[in-house]
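**Q** I'll drop the sequence and a predicted model, then ask my questions.
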Amino acid sequence: MKVLLVGYGKMGKTIERIALERGHEIAGRIDVHNQHEFDTVTADVAIEFSHPDAAFNNVKRCLERKIPVVCGTTGWLARKPEIEALTKNINGAFFYASNYSLGVNIFFKLNEHLARMMGNFGNYHVSMEEIHHTEKKDAPSGTAITLAEGVMKHVKGKRSWVNHDTTAPEEIGIKSLRIAQVPGTHTVRYSSAVDEIEIKHTAHTREGFASGAVMVAEWLRDKKGVLSMDDFLQF
Ligand SMILES: NC(=O)C1=CN([C@@H]2O[C@H](COP(=O)(O)OP(=O)(O)OC[C@H]3O[C@@H](n4cnc5c(N)ncnc54)[C@H](OP(=O)(O)O)[C@@H]3O)[C@@H](O)[C@H]2O)C=CC1
Ligand SMILES: O=C(O)C1=N[C@H](C(=O)O)C[C@H](O)C1
């Protein structure tokens with residue numbers, strides 16, 4: 001399979017290594033300085049991990065060239081509905097996940113299961129914390145937003161998240177910490193006056209994110225439509 005890498009930073013380079021190990025070819029590497037390559041490139045699939053301000057345009061350009069896109073960039077989701085509409089209009093393929101690691105996707109399910117149980121108990125205060133490396137451009141992380149959405153789905157009265165501590169009953173507070181070299185740690189905590197329940201996922205390296213994205217790309221190449229981890233994992 002010919003893989004186009006869009007964004008050639010920490011994730012782009014890790015994805016390249018894993019794609020080569022799995023027997024794929026690299027069709028191109030598009031970064032800030034060679035955007036003109038979108039005009040001529042051909043590939044079976046594009047994997048886009050770039051910058052919150054760049055993702056919309058990068059995904060659009062891939063779709064316009066009829067290249068299915070696996071996108072992992074976070075912090076641009078206000079414009080995702082436009083990409084979904086374009087995908088349907090041109091009968092293309094677009095896949096988005098805030099986190100491609102299998103472990104985190106199991107953690108997402110665990111989070112929803114716990115939220116469903118905790119929804120019955122009003123005396124617990126739910127909060128979240130995410131820790132990432134100091135180069136991260138967005139806060140809170142896309143993964144923390146997905147976790148907050150999972151809680152809102154099941155805990156009655158939780159209607160929004162905020163990126164700071166909060167005691168407002170309708171809000172979920174997400175604390176973002178930036179510490180050198182941390183690939184990504186997420187904690188969901190329910191605290192009461194008498195005890196605390198905490199679930200936590202710690203990524204040790206970026207390999208889990210990258211290998212998940214490559215496996216999704218292998219699966220997506222002959223698909224159409226707007227797809228997500230629920231379609232891919234089916235659990
Ligand atoms: N969904 C998931 O599983 C994961 C998502 N991510 C997300 O992926 C994104 C990238 O992460 P990471 O690789 O660590 O970040 P890096 O900063 O290491 O890499 C991003 C790369 O994108 C480049 N870039 C900037 N603008 C454009 C553009 N217009 N077109 C193409 N490339 C561009 C940057 O170039 P320059 O440095 O010159 O600006 C840089 O090389 C982030 O949004 C992050 O949150 C990360 C890990 C997992
Ligand atoms: O920027 C990162 O590094 C990461 N970003 C994603 C996010 O915002 O959730 C996924 C992972 O945690 C690493």
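**A** It's in. Ligands and ions are numbered 1, 2, ... in the order given.

**Q** CA atoms for contacts and neighbours, from now on please.
**A** Will do.

**Q** for Lys88, phi and psi?
**A** phi -70, psi -40 (degrees, to the nearest 10).

**Q** can you tell if stretch 63-76 touches ligand 2?
**A** Yes: using CA under 6 Å from any ligand atom, we find that stretch 63-76 touches ligand 2 at Thr74.

**Q** What's the mean pLDDT across that stretch?
**A** For stretch 63-76, the mean pLDDT works out to 98.

**Q** try stretch 102-111
**A** Mean pLDDT, stretch 102-111: 98.

**Q** What of stretch 81-96?
**A** Here the average pLDDT along stretch 81-96 is 98.

**Q** residues of that stretch that come out buried?
**A** 83-84, 86-87, 92-96 (16 or more other CA atoms under 10 Å).

**Q** ditto for stretch 183-193
**A** So for stretch 183-193, counting by 16+ other CA under 10 Å, buried means 183-188, 190.

**Q** who touches the nearest residue to Leu227 once chain neighbours are set aside in this structure?
**A** Spatial nearest neighbour of Leu227, excluding adjacent residues (CA to CA, 6 or more residues apart in numbering): Phe95 at 4.8 Å. Applying CA atoms under 8 Å, 6 or more residues apart in numbering to Phe95 gives the contacts 69-71, 220, 226-228.

**Q** Out of those, flag the one nearest to ligand 2.
**A** Closest to ligand 2 out of the contacts of Phe95 is Cys71 (11.3 Å), distances taken as CA to the nearest ligand atom.

**Q** what does the domain assignment say about this structure?
**A** The chain resolves into domains spanning 2-100+207-233, 102-202 when parsed by automatic domain parsing.

**Q** which other residues reach stretch 54-62?
**A** Contact with stretch 54-62 is made by 6, 38, 46, 48-49, 68-69, 71, 73, 76, 79-80, 83, 86, as judged by CA under 8 Å, 6+ apart.

**Q** 7 Å instead?
**A** 38, 69, 73, 76, 79, 83 (CA atoms under 7 Å, 6 or more residues apart in numbering).

**Q** Name the member of these with the most neighbours.
**A** Counting neighbours by other CA atoms under 10 Å, Val69 leads the contacts of stretch 54-62 with 30 neighbours.

**Q** Let me see the contact set for it.
**A** Contacts of Val69 by CA under 7 Å, 6+ apart are 45-47, 59, 62, 93-95.

**Q** one step back: narrow the contacts of stretch 54-62 to those in helices?
**A** Those of the contacts of stretch 54-62 mapping onto helices are Ile83, per DSSP state H.

**Q** Name the nearest of the contacts of stretch 54-62 relative to ligand 2.
**A** Of the contacts of stretch 54-62, the one sitting nearest to ligand 2 (CA to the nearest ligand atom) turns out to be Thr73, at 7.3 Å.

**Q** Go ahead and confirm the closest one touches Ile47.
**A** No: using CA atoms under 7 Å, Thr73 is not in contact with Ile47, being 9.8 Å away.
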